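> Below are the sequence and a predicted model; questions follow.
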Amino acid sequence: MKRIALLGPGTFTEESAHHFLGTEAFEYVNCSLIDDVFMSTVSGKSDYSVIPIENTFDGSVRLHLDWLANEVDVPMQAEWVYPISISLHGIQPLGEALETDCRSLSKVVSHSVTMSQCRQFLQRYLPHVELEQVGSNGEAARLVKELGRPDVAALSPLSAGALYGLNTWAQDVQDHQNNHTRFVLIGHEPIQLKGQPLAIKTTILVTLPDDYPGALHQMLSAFAWRRINLSKIESRPTKKKLGTYYFFIDIEASMDSVLLPAALQEIEAIGCQVRILGCYPTYSFEPTHPEV
Ligand SMILES: O=C(O)C(=O)C[C@]1(C(=O)O)C=C[C@@H](O)C=C1
């Protein structure tokens, strides 16, 4: 049975992996820190790792992009997009009303990304509380259960509340309803997910030559004149020298096409360094998709 490392249990990552991969065909390896998720596949403890890389409102999870660029050399094998619905969980049942009960809280625990997705909610109901960041939302719910304090609550998925027997005080507390996170599955072998992929994408990492004026323009035109669509381009520091960058580029084309390898050859010819991070199917959430 293939092993899949992820942040869990009780996380959005876990919910999304169960949706797209199911619970029967794989063994899940729970980690409480994202570093351990990455290292699990690097060290061979797992066959795949699930990495959240982008959120509708927060944009890229830059730390995770940097891991993919600098720390690991494991290709992306699949990508999925999953809706993020955040709930507030406490030890006791909600008493009178959310507003009144929130006044009795002194601390809220959650993942930093989740807190930044609930800014308006926190400002409106919980401006007085201490915010404590932990490695995952599942860990937040576990901590609230372990502490057993009525004045501490967690922002976490519904699944985490159920897992740790917490009471749900409010659902869908994220600032924007159209909240989605994009996850990638990294591993050394291709993998079959449930359902039909929407498309095949390729992600590359490009370093421009520093002695070539207009290199960025020329690189982009290698895709443009072939009418190859780029769905994302993001620069990150190489961390080698101030002012030098990698470009993460998501391309709506497969390496099996004729045009994409030709475009990559063209940009290499002007001195760009190109690393292919993966060529993989992309899946989107279907609410009607049967849950397992
Ligand atoms: O802690 C979790 O529940 C996670 O799955 C991690 C994570 C992230 O790192 O972005 C995943 C999706 C949500 O956007 C918030 C947190």
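Everything's here; your move.
> For the most centrally placed residue in the chain, give the beta-bridge partners.
Closest residue to the average C-alpha location of the chain: Pro52 at 1.3 Å, with CA atoms, centre = their mean. In this entry, Pro52 is beta-bridged to Phe183, by DSSP bridges.
> Hmm, Ile186 and it touching each other?
No: the criterion here is CB atoms under 8 Å, and Pro52 misses it with Ile186 at 12.0 Å. Backbone N, C-alpha and C define where each C-beta goes, glycine included.
> Next one: the closest residue to Tyr245 other than its chain neighbours from Glu130, what distance?
The spatial neighbour of Tyr245 that comes closest, neighbours along the chain excluded (CB to CB, 6 or more residues apart in numbering), is Ser235 at 4.2 Å. Here Ser235 is placed at a distance of 35 Å from Glu130 (CB to CB, to the nearest Å).
> Those two: which is more packed in?
Ser235 (14 against 11; other CB atoms under 10 Å).
> Just the buried residues of the helix or strand hosting the more buried one, please?
According to DSSP states H and E, Ser235 maps onto strand 230-237. Residues of strand 230-237 classed as buried: Arg236 (neighbour count, 16 or more other CB atoms under 10 Å).
> So which residues make contact with it?
The set of residues external to strand 230-237 that reach it, using CB atoms under 8 Å, 6 or more residues apart in numbering, is 54, 60, 62, 65-66, 69, 201, 220, 223, 244-252.
> who does that strand pair up with?
Strand 230-237 is paired, per DSSP bridges, with strand 245-251 (antiparallel).
> per-residue confidence for Val292?
Note on Val292: pLDDT of 44.
> do the same with Met1
Met1 is assigned a predicted lDDT (pLDDT) of 92.
> Which residue is the nearest non-sequential neighbour of it?
Using CB to CB, 6+ apart and skipping the chain neighbours, the partner closest in space to Met1 is Glu27 (4.8 Å).
> secondary structure element for the one you found?
strand 26-31.
> His176 versus Lys107, what's the distance?
The gap separating Lys107 from His176 is 25 Å, by CB to CB.
> which of those two has more neighbours?
Lys107 (17 against 11).
> That one contacts Ala154, correct?
No: if you go by CB under 8 Å, Lys107 and Ala154 don't touch, sitting 9.7 Å apart.
> where does this structure dip in pLDDT?
Residues of the chain meeting the criterion pLDDT under 70: 288-292.
> run the last query once more with 90
56-62, 95-96, 177-178, 192-195, 210-213, 238-245, 285-292 (pLDDT under 90).
> can you point me to the longest strand in it?
strand 273-284 (DSSP state E).
> That one: partners in the sheet, and parallel or antiparallel?
strand 76-83 (parallel), strand 199-207 (antiparallel).
> Of these, which is nearest the ligand?
strand 76-83 (7.9 Å; CB to the nearest ligand atom).
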